[in-house]
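K.L.:
Have a look at this prediction, sequence included:
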Amino acid sequence: MNKERIEVDIEEINKEASENVYRLIDKCEEKYLEQVKEVATEIKLNDKKIVLVSGPSSAGKTTTAKKIYEELKNIGVDSLVLNMDEFFFDIDTVPLREDGFADIESVIAIDVKTIRKCLDEILTKGETFTPQYDFVTHKRKKEWIFRKFAKHEVIIMEGIHALNPKIIEGLNLEKIYKVYVHCNTDFVFKKKKLFHARQLRLLRRIVRDERDRSVPVAQTLTLWSEVCKGEDKNIRPFKETADYFMNSTHSYEPLLYKDLLMERFGKMKGLPEIKVFLEKFKLCSTISKRFVPKDSLIREFIGEN
């Protein structure tokens, strides 16, 4: 739960990987899961009914929400995960940014009123209807889902705006637990910064977007500055309201992304951002994705195969 930025020596990680890669990976996985267990225990002990999971792009919110669900089940608490993205307005109704594109990074793109209504009904009535969103047409589906909740059940809602105070305005705050997921680790070499936490998230997003969304690396790089501006404006201002700060960094990640991206980046070395990463990767060993556990948070970005 430590909010202080952590520094990891990449030379030490290289050494650990060469000595016993399985031990290194297991240590990283256990460190992350220990945080998940702490969160689940806090939720149960304090009888929380709604868990809000927020964080910037590629922080690992989706997997973290799933892991909290699984750990709550392990300790005898039923829960359900709701994705805040299902509450998007139709994209053609969302106000535009200065560049002419829909401002989907802003809370104005989310139907906050309906979220509050659903959460309130969950707390007071134990049942509600939730919308569904079609991410192909970028419009809300006509059919809503009826959901009925037992008194002991916990609702986990995940989304970038989950900590925005507008979401829980007027609700019983004593029943709400807030988690902020981020990469809070910098990697150093000879005591100098090598990979900043935000750069690590960019590598995660490059791998995921190309694999899952067919987004070229160059396009992800172009969009990244706008993504970061959106984070600074819409997400980070509310992080201090969190009850728990979860660091999703796995210290073997730079070695993994070198293995996945070095060859591809080598063909794009004319791009300044890529050139920077190539120089940084030279100081890293490599780890194959086959060593990453199938249930690891990192699989959210690198895929199952």
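P.N.:
It's in. Residues are numbered from 1 along each chain as shown.
K.L.:
drop to CA atoms for contacts and neighbour counts, all remaining ones
P.N.:
Will do.
K.L.:
SS state for the spatially closest residue to residue 304 that is not a sequence neighbour?
P.N.:
For residue 304, ignoring the flanking residues on the chain, the nearest one in space by Cα to Cα, 6 or more residues apart in numbering is residue 294 at 6.4 Å. Three-state call for residue 294 (DSSP: H, G, I helix; E, B strand; the rest coil): coil.
K.L.:
swap in residue 76?
P.N.:
Assignment for residue 76 (three-state DSSP): coil.
K.L.:
That one: neighbour count?
P.N.:
Residues near residue 76, counting by other Cα atoms under 10 Å, number 10.
K.L.:
per-residue confidence for it?
P.N.:
Here the pLDDT value assigned to residue 76 is 95.
K.L.:
do residue 110 as well
P.N.:
94.
K.L.:
For residue 18, see how far away it is.
P.N.:
Separation of residue 110 from residue 18 (Cα to Cα, to the nearest Å) stands at 47 Å.
K.L.:
quick one on the thing from earlier: and the residue nearest to residue 304, how far from residue 224?
P.N.:
28 Å.
K.L.:
any chance you could map the strands in the stretch 151-300 of the chain?
P.N.:
Along the stretch 151-300 of the chain, counting by DSSP state E, counting those that start in this stretch, strands occupy 154-158, 176-182, 185-189, 192-195, 244-247.
K.L.:
which stretch among those comes nearest residue 281?
P.N.:
Closest approach to residue 281 among these is made by strand 192-195 (9.3 Å; Cα to Cα).
K.L.:
And that closest one, what does it pack against?
P.N.:
Using 3 or more Cα pairs under 8 Å, 6 or more residues apart in numbering; DSSP states H and E, the elements in contact with strand 192-195 are strand 185-189.
K.L.:
buried set for the strand it packs on?
P.N.:
In terms of neighbour count (16 or more other Cα atoms under 10 Å), strand 185-189 has its buried residues at 185-189.
K.L.:
now those in JSON lines, with distance to residue 179 and pLDDT?
P.N.:
Shown next, in JSON lines, are the buried residues of strand 185-189 (distance: Cα to Cα, whole Å; pLDDT from 0 to 100):
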{"residue": "185", "distance to residue 179": "17", "pLDDT": "96"}
{"residue": "186", "distance to residue 179": "21", "pLDDT": "96"}
{"residue": "187", "distance to residue 179": "24", "pLDDT": "97"}
{"residue": "188", "distance to residue 179": "27", "pLDDT": "97"}
{"residue": "189", "distance to residue 179": "31", "pLDDT": "96"}
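K.L.:
burial measure for residue 146, as a count.
P.N.:
Count around residue 146 with other Cα under 10 Å applied: 10.
K.L.:
Once you drop chain neighbours, what's closest to residue 80?
P.N.:
Nearest to residue 80 is residue 155, by Cα to Cα, 6+ apart, at 5.1 Å.
K.L.:
Quick check: bridge partners of that neighbour?
P.N.:
For residue 155, the beta-bridge partners under DSSP bridges are residue 50, residue 80.
K.L.:
how many other residues sit next to it?
P.N.:
Residues near residue 155, counting by other Cα under 10 Å: 21.
K.L.:
shouldn't it be in contact with residue 50?
P.N.:
Yes. Contact criterion Cα atoms under 8 Å: residue 155 and residue 50 qualify, at 4.8 Å.
K.L.:
Please enumerate the shared neighbours of those two.
P.N.:
Overlap of the contact sets of residue 155 and residue 50 (by Cα atoms under 8 Å, 6 or more residues apart in numbering) is empty.
K.L.:
before we move on, the earlier item: just give me the closest of the buried residues of strand 185-189 to residue 79.
P.N.:
Using Cα to Cα, these come closest to residue 79 at residue 185, 30.1 Å.
K.L.:
Contact partners for that closest one?
P.N.:
5-8, 196-197, 247, 249.
K.L.:
do the same with residue 198
P.N.:
residue 183.
K.L.:
In the protein, where is pLDDT below threshold?
P.N.:
1-2 (pLDDT under 70).
K.L.:
Correct me if wrong: residue 112 contacts residue 166.
P.N.:
Yes. In this structure, residue 112 is within contact of residue 166 by Cα under 8 Å, at 7.1 Å.
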